[in-house]
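Trainee: using only what follows, build the 3D model:
(chains A and B)
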Amino acid sequence: MKKNIYFGLLLILGFIAFVSLPSCKTSLEVREKSGSVLWSENCSRCHYSPDPEDYNDAQWEVIVLHMRVRSSLTEEEAEKITKFLQDSN
Amino acid sequence: MKTKNILATFLTFSSLSLNLAFAQEDNPKPFEKTSLSGVTKNVIIGYAYSDFMISPKSDVKTNFTRVGFSPTMIWKLGEKLFFESQVEFYTDSGDLNTQVEYAKLSFIVNKYMTVGMGKMLTPFGLYTERIEAPFIEKLPNSPLGFKHVEGSPNIGPICPEMGFDVRGGFQIGNGKMNYVLYVANGAELNEGLLEPKLAGALEYENFFDNNSKKSFGGRIGILPLSNSSLEIGGSWCIGEVGKAKSSYEHLNSKAYSFDVTYHKTLRNIKSMVDFKAQINYLLVDKATYINEEGDPYSFENKSDIYYLRLSIRPALVKNPYLRRTEFLARYNVANLAKDALWGGEYIRLDLGVSYWLSLRTGIRLAYEVGELVGGKESNAILVRFVTGF
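Mentor: As a prediction, this is how the structure comes out:
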């Protein structure tokens, strides 16, 4: 049991080290991505993303929150995507 | 005695509600406005599907096998709280089934962390939480072993569980990382008393725990590319699986999983490519069970299941029909504990075509061919008409 917990921890630390190597700050390129770019990159990772017109503003707010938690999107991504969907419906 | 108890309960409740009513009168605004206050917004989404099957080798060769729909209700309560729930209605072998697929209340602690509790789609690997929904799964069937089927062993958590989770995602450099850690009731060991053939198998539909030990698990996902096209994940889950006070009580299980997903529009072949793969390993401590003849036996309880799925949709070509057509291939393998009565190796290949009427409505067709125990081949043609809404 103990061995497994250590293995789990090691796995987490290994992953963190691996992704932290390039740099620890959000790069400029990523920070400047628009809502529409983030929407097309993220919202079709699991399924084809429905059109912005398919739901109204309040519905998009709830759906993107649901998706943010389900797919662990960052808060910034979720905010930009919600705004993009609300502006385009 | 019973009437006395009912009377006592009734009196307690009525005095409680009276107290509450008075408290409200005295203090009309008992709470300060906090981040939990705010406009409640809700939405009903979901999906519906119906299946048809042609199986030349069985007695009934053509069959409208299944129909199902799952309303998904989500409430956002102010800025920090939200509740998500899904009810499933479906027919299975002619019987109507209803179940709460998930019902979870979550609280957003900060931008890096959300906690939730309830019945949840287990965040182990990718399939259960992200791909299983029929409008997302592009083939009309699920990968071998990755969907719970009554009476067959679960190789790792592949169905919803009752528990608590902590999750979040953040940017690191050009890439991203996400994590989920969870505690759940965990799996239940089939001791084989009622079904000797399933002795030693695990089932994760343990909605009222069989022991006090909880299982601990999680998943770490990495998206190393800035366009989020690639995600690599590792999951684990450990826990005791035997029934409290039984001789199997301290039997331990360890499950691990690795998953990969890659999706990209490749302009040179005018197509969208989507690759998904997952492997689950399960190890359960060795124990002695009794077979159908009443003799004791034991076996190495080690199993794994995996699948690889590739799909291509020529989304950028001129032909409007071809643009809506997706071609799929999936290779499935299940290596179940060799010496268990439920053990053996199974391989299945699924070849499919999905025609998208809209971005969330499709007609799916697949030919599945598999090898069962003893080298017997099985094949079938499956059709599914499905929509998300």
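
Trainee: in the stretch 151-300 of chain B, which spans are strands?
Mentor: Secondary structure of the stretch 151-300 of chain B (DSSP state E, counting those that start in this stretch): strands located at B:161-172, B:175-184, B:188-189, B:202-203, B:215-223, B:230-240, B:252-266, B:271-284, B:288-290, B:296-298.

Trainee: nearest to A:Glu61 among these would be which one?
Mentor: Among these, strand B:161-172 comes nearest to A:Glu61, with 18.6 Å by Cβ to Cβ. Quick note: C-beta positions are derived from backbone N, CA and C, even for glycine.

Trainee: next, the buried residues of the closest one.
Mentor: For strand B:161-172, burial by neighbour count (16 or more other Cβ atoms under 10 Å in any protein chain shown) applies to B:161-163, B:165, B:167-172.

Trainee: can stretch B:300-311 be found next to chain A?
Mentor: No: using Cβ under 8 Å from any Cβ of the partner chain, stretch B:300-311 never reaches chain A; the gap is at least 11.5 Å.

Trainee: which parts of that stretch are buried?
Mentor: For stretch B:300-311, the neighbour count (16+ other Cβ under 10 Å) marks B:301-309, B:311 as buried.

Trainee: which residues in chain A form strands?
Mentor: Counting by DSSP state E, one finds no strands in chain A.

Trainee: just want the residue of it that's nearest chain B.
Mentor: Per Cβ to the nearest Cβ, A:Ser72 is where chain A lies closest to chain B, at 3.2 Å.

Trainee: how many neighbouring residues does that residue have?
Mentor: Using other Cβ atoms under 10 Å in any protein chain shown, A:Ser72 is surrounded by 22 other residues.

Trainee: hang on, it packs against B:Gln171?
Mentor: No: counting by Cβ atoms under 8 Å, B:Gln171 is not a contact partner of A:Ser72; they are 11.5 Å apart.

Trainee: all helices of chain A, in order?
Mentor: For chain A, applying DSSP state H gives helices covering A:2-20, A:28-31, A:35-42, A:57-71, A:75-88.

Trainee: show the backbone phi and psi for the closest residue to B:Leu359 other than its chain neighbours.
Mentor: Excluding its sequence neighbours, the residue lying closest to B:Leu359 (Cβ to Cβ, 6 or more residues apart in numbering or on different chains) is A:Tyr48, at 4.1 Å. In terms of degrees, to the nearest 10, the main-chain angles of A:Tyr48 are phi -70, psi 140.

Trainee: how many neighbours does the closest residue to B:Gly68 other than its chain neighbours have?
Mentor: Closest residue to B:Gly68 apart from its sequence neighbours, by Cβ to Cβ, 6+ apart: B:Tyr90 at 3.1 Å. Counted with other Cβ under 10 Å, residues neighbouring B:Tyr90 total 19.

Trainee: chain center to the helix or strand harbouring B:Tyr90: distance?
Mentor: Element membership for B:Tyr90 (DSSP states H and E) is strand B:81-92. Chain-centre distance of strand B:81-92: 12 Å, with Cα atoms, centre = their mean, to the nearest Å.

Trainee: which residue would you name as the spatial centre of chain B?
Mentor: In chain B, the C-alpha nearest the mean C-alpha coordinate belongs to B:Thr128, at 2.8 Å (Cα atoms, centre = their mean).

Trainee: pLDDT wise, what is that residue at?
Mentor: Among the per-residue scores, B:Thr128 shows a pLDDT of 93.

Trainee: quick check: it vs chain A, distance?
Mentor: The gap separating B:Thr128 from chain A is 12 Å, by Cβ to the nearest Cβ, to the nearest Å.

Trainee: residues from the stretch 251-389 of chain B in reach of chain A?
Mentor: Residues of the stretch 251-389 of chain B lying near chain A by Cβ under 8 Å from any Cβ: B:252, B:254, B:261, B:263, B:356, B:359-360, B:388.

Trainee: so what's B:Lys119 bridging to?
Mentor: Legend: beta-bridge partners of B:Lys119 under DSSP bridges are B:Ala103, B:Met162.
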